[in-house]
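**Q** Any chance you can model this:
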Amino acid sequence: MLRTSLLYFSRQQRVFNLIKNVGFARKMASRFVAGETIHTAMDAVAELNAKGITASLDLLGESVTNEAEARETGRQYLELLDGINKRKLDANVSVKLTAMGQDISDELGIEVVREVIARAKSYDSFVRLDMESSAYTDRTLDAFEQHLFPGHENNVGIVLQSALRRTLDDVDRANRLQCRVRICKGAYLEPPEVAFPDKADVDRNYVAAMHRLMEHGRYPGIATHDEAIIAEAKRFAKEKGIAPDRFEFQMLYGVRRDLQEQIVKEGYRIRVYVPFGSQWYPYLMRRLAERPANIAFMAGNIVKESFRR
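**A** The predicted structure follows:
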C-alpha cells in the first residue's frame with residue numbers, strides 16, 4: 001500500500017510544487033541526486049572514478065510536451081558529453097525518450113536522441129536508452145531496434161524491467177540483436193495483468209533474465225542492490241566460465257556505497273547511475289517506493305524542522 005501511494009504521488013506535479021523549496025525534502029533528494037547542474041554531476045562522477053567506479057549520468061526529466069524544451073534537453077546532453085570528454089571522466093549517459101519529445105511525436109524523440117548518440121559515437125562513448133512505464137515499452141523498443149541501434153551498435157543500449165511479465169521475451173529479442181541491456185526490477189506503478197504484483201515473482205523473473213543475458217547477451221548491466229541476486233550473478237558467472245569483464249554491476253547514486261566499494265575490491269566492474277537536475281521529485285519518490293524505510297528518515301527531519309519553528 002505504501003509503495004503504491006508513493007508511486008502515485010511521484011506523478012503529482014502539484015505536490016512537487018509544494019515541497020520543492022522545503023529544506024528537508026531537498027536534503028533527502030541530495031542523498032540520491034548529484035545536484036542540479038552539469039558541473040555538480042561531473043564532480044560527483046570524478047569522486048566515483050577515484051574509487052574505481054564508473055558512472056552513467058542522467059539529466060532528470062520526463063514527459064516533455066514542448067518541442068523547444070525537448071530540443072533543449074538534447075542540447076544539454078550534448079554539453080554533458082562534451083564535458084565528460086573534456087574532463088576525461090569514465091562515464092556515459094542515460095536518456096529518456098519522453099524527455100526528448102516522444103510524447104509530442106515518435107519522430108521528434110528519435111531525431112533528438114539520434115543527435116545525442118552521434119555525439120557519443122564521436123567520443124567512443126555510449127548512450128543508455130532508459131525504459132519508462134509499460135505504456136512506452138513497445139514504442140521504445142521499436143524506436144531502438146528500427147531507428148537508433150542500426151549503425152550505432154557500439155554506442156547505444158536499452159533497459160528492461162523484470163517486473164513486467166513480457167520481459168523474458170524482450171531479453172531473447174535483445175540477445176538476437178546482440179545489443180547491450182541493463183536489467184533492473186522496475187519502479188513504476190503497473191496493472192497486475194502487465195506486471196508481477198509480488199516481489200518474489202519479480203525477483204525470479206530478474207534472475208531468469210540475468211542468466212540469459214550473462215550467458216547469451218552482450219555485456220549486460222546487472223542493476224540491483226539485492227545482495228542475494230549479486231551473489232547469484234557471481235556464482236553463475238563462475239559456473240559458466242563467464243569472465244568478470246563480460247558484465248558489470250550497476251547501482252544507484254547514494255545507495256549502498258559500502259557494497260559498491262566492496263564489489264570493486266572483489267575485482268568486478270560496477271557503474272553507478274548518477275541523476276541530476278531540477279526535476280528530482282518523481283525520481284525521489286520512486287526511490288522511496290523501492291525502499292520505504294527511507295520514509296522514517298524523512299519523518300525524522302519533519303519533526304526536527306517543526307521544533308525549530
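**Q** Please make it C-alpha for all contacts and neighbour counts, starting now.
**A** OK.
**Q** just for the stretch 151-300 of the chain, where's the confidence low?
**A** 280-281, 285-300 (pLDDT under 70).
**Q** so where do the helices sit in the chain?
**A** 2-9, 13-19, 23-32, 38-49, 67-86, 106-122, 137-143, 167-177, 199-216, 227-240, 257-265, 281-290, 294-308 (DSSP state H).
**Q** Wait, residue 163 touches residue 195, no?
**A** Yes. Using CA atoms under 8 Å, residue 163 is in contact with residue 195, at 5.3 Å.
**Q** the more surrounded of those two?
**A** Set side by side, residue 163 and residue 195 show more neighbours around residue 163, with 27 against 21, by other CA atoms under 10 Å.
**Q** quick one: the more buried one from residue 238, how far?
**A** Relative to residue 238, residue 163 is positioned 26 Å away (CA to CA, to the nearest Å).
**Q** still on that earlier bit, mean neighbour count and distance to residue 247 for the helices of the chain - can I get that in TSV?
**A** TSV is the format used below for those (neighbours: other CA atoms under 10 Å; distance: least, CA to CA, whole Å):
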stretch	mean neighbour count	distance to residue 247
helix 2-9	16	30
helix 13-19	12	37
helix 23-32	17	24
helix 38-49	19	18
helix 67-86	18	22
helix 106-122	19	21
helix 137-143	16	22
helix 167-177	17	14
helix 199-216	18	7
helix 227-240	14	9
helix 257-265	14	13
helix 281-290	21	24
helix 294-308	12	30
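**Q** Can you say which of those helices is nearest to residue 191?
**A** Set against residue 191 and scored by CA to CA, the helices of the chain come closest in helix 2-9, at 11.1 Å.
**Q** mean confidence score for that closest one?
**A** Computed over helix 2-9, the mean pLDDT rounds to 45.
**Q** low-scoring pLDDT stretches of the stretch 1-150 of the chain, where are they?
**A** Low-confidence segments of the stretch 1-150 of the chain, defined by pLDDT under 70, span residues 1-30.
**Q** again, only using 50
**A** Residues of the stretch 1-150 of the chain meeting the criterion pLDDT under 50: 2, 5-12, 15-19, 22, 24.
**Q** if we can go back for a sec, any chance of the helices of the chain in a markdown table, plus distance to residue 249?
**A** Formatted as a markdown table, the helices of the chain follow (distance: least, CA to CA, whole Å):
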| stretch | distance to residue 249 |
| --- | --- |
| helix 2-9 | 25 |
| helix 13-19 | 32 |
| helix 23-32 | 18 |
| helix 38-49 | 14 |
| helix 67-86 | 21 |
| helix 106-122 | 22 |
| helix 137-143 | 23 |
| helix 167-177 | 17 |
| helix 199-216 | 11 |
| helix 227-240 | 8 |
| helix 257-265 | 8 |
| helix 281-290 | 18 |
| helix 294-308 | 23 |
